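>>> this one's sequence-less:
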C-alpha cells in the first residue's frame, strides 16, 4: 500500500503507475533522520525517514516524512506499507 | 517502544519516565496531516501524523512527524511502536 500525499494506492501495478506518472524527471533526497523499530515477532521493521527533497532543477528544498513497514521475505524485505507526506509549514 | 528524537525506550515504565521528564510544562499540537493504513491481517493500523508543536509560551511552531503502530486489544488498541521526530530544515 502506498499513501502519497492524498493518493491512496494498493498493489504493485497501481503503485508503479502512480510513481511513473509523477510530474518531474528527477528528485534528490537528503535524509536528515532515519529511525527503525522492530514491529512484530516475525521480524517486521518499522522505519521513519525525515529529510528534504530537491525536485528537478529546483533550488528550494521541500521537507518530507516517509514511513515504511518492511516484512521479511527470504534474505530480503518487501515494503508492505509506505506513507509519504511533504511537511508544509 | 518509543523513539523520541535520539532516545530509544522500551516498556511502559521507561516510556512514562521519559515523558514525565520532558523539560516543558505544556505542548499544543496542530495536526496538518493524518494518514492510516492497515498493517497486518490481524487488524494492526499504521498511522503517520505531521504537524506543528507549540511548547509552553513559545510562539514559533516547530514541525514534527510521528508514526504509530497500533495493535488491536479487545475493543481498543495499544501503541506498539511510536517514533517521534522534529523536522528541522
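Arrived safely, thanks for sending. Here the structure is a predicted model, which means the values were calculated and not measured. Numbering: from 1, shown residues only, chains lettered A, B, ... in the order given.
>>> when you work out contacts or count neighbours from here on, use the C-alpha atoms and nothing else.
Fine.
>>> and residue A:36, what is it in contact with?
A:45, A:46, A:47, A:48 (CA atoms under 8 Å, 6 or more residues apart in numbering or on different chains).
>>> dump those into CSV; add secondary structure and neighbour count as well.
As requested, the contacts of residue A:36 are arranged in CSV below (DSSP: H, G, I helix; E, B strand; the rest coil; neighbours: other CA atoms under 10 Å in any protein chain shown):
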residue, secondary structure, neighbour count
A:45, strand, 18
A:46, strand, 24
A:47, strand, 19
A:48, strand, 24
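>>> out of these, who's near chain B?
For chain B, the contacts drawn from the contacts of residue A:36 by CA under 8 Å from any CA of the partner chain are A:46, A:48.
>>> show me where chain A has helices.
A:12-20 (DSSP state H).
>>> what does it put close to chain B?
So chain A meets chain B at A:1, A:3, A:35, A:37, A:39, A:46, A:48, A:50-52, A:63, A:65, A:67, A:69, A:80-81, A:83, A:85, A:87, A:89 (CA under 8 Å from any CA).
>>> I would like a ChimeraX command selecting only the buried ones among these, please.
With 16 or more other CA atoms under 10 Å in any protein chain shown as the criterion, this ChimeraX line picks the buried residues out of the residues of chain A next to chain B:
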select /A:1,3,35,37,39,46,48,50,51,52,63,65,67,69,80,81,83,85,87
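>>> I'd say residue A:5 and residue A:87 touch.
No - using CA atoms under 8 Å, residue A:5 is not in contact with residue A:87, being 10.1 Å away.
>>> ends of stretch A:55-65, how far apart?
Distance between the two ends of stretch A:55-65: 15 Å, counting by CA to CA, to the nearest Å.
>>> buried ones in that stretch?
For stretch A:55-65, by 16+ other CA under 10 Å, it's A:55, A:62, A:63, A:64, A:65.
>>> how about the last one, what does it touch?
Which is residue A:65. With the criterion set at CA under 8 Å, 6+ apart, residue A:65 makes contact with A:48, A:49, A:50, A:51, A:84, A:85, A:86, A:87, B:65.
>>> next one, pLDDT for the closest residue to it other than its chain neighbours please.
Nearest residue to residue A:65, sequence neighbours excluded (CA to CA, 6 or more residues apart in numbering or on different chains): residue A:50, at 4.4 Å. Residue A:50 is assigned 97 on the pLDDT scale.
>>> I appreciate the help and will end here.
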